[in-house]
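Undergrad: show me how the following folds:
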Amino acid sequence: MHLDLSEEETFALRNLLTQTIENDRYPLSPRIQTLRGILAKFGPMAPAPPLAARPPTPEERDPSRRPRSRSRRDR
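TA: The predicted structure is shown next:
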């Protein structure tokens, strides 16, 4: 069977499969194994873009600021 899906439909189906697989309570169940097989037929997924680093706060940028003291656990 050949499904004639648009890019938007393919993206939605891949997302649904991925979310269903990730959120399932039993990741080794036959149902999830079948869904993984279907997802594999779509080809490799692009890696997630790296998260952007947050900019430093003004306090963190101040070179004269004292370093943080060690926590009580480290003592």
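Undergrad: roughly how far apart are M1 and A12?
TA: Distance of M1 to A12, given as CB to CB, to the nearest Å: 19 Å. (Each C-beta comes from the backbone N, C-alpha and C, glycine too.)
Undergrad: nope, P63 is what I meant
TA: In terms of CB to CB, P63 sits 50 Å off from A12.
Undergrad: of the two, who's got more company?
TA: Each of P63 and A12 has its neighbours counted (other CB atoms under 10 Å); A12 has more, 12 against 4.
Undergrad: what's next to whichever strand or helix holds the more buried one, contact-wise?
TA: Under the criterion of DSSP states H and E, A12 resides in helix 7-23. Residues from elsewhere that reach helix 7-23, judged by CB atoms under 8 Å, 6 or more residues apart in numbering: 5, 27, 32, 35-36, 38-39, 42, 45.
Undergrad: next one: stretch 30-45
TA: 10, 13-14, 17-18, 20-21, 24, 26.
Undergrad: and which of these is nearest P55?
TA: For these, the minimum distance to P55 (CB to CB) is 31.0 Å, reached by T18.
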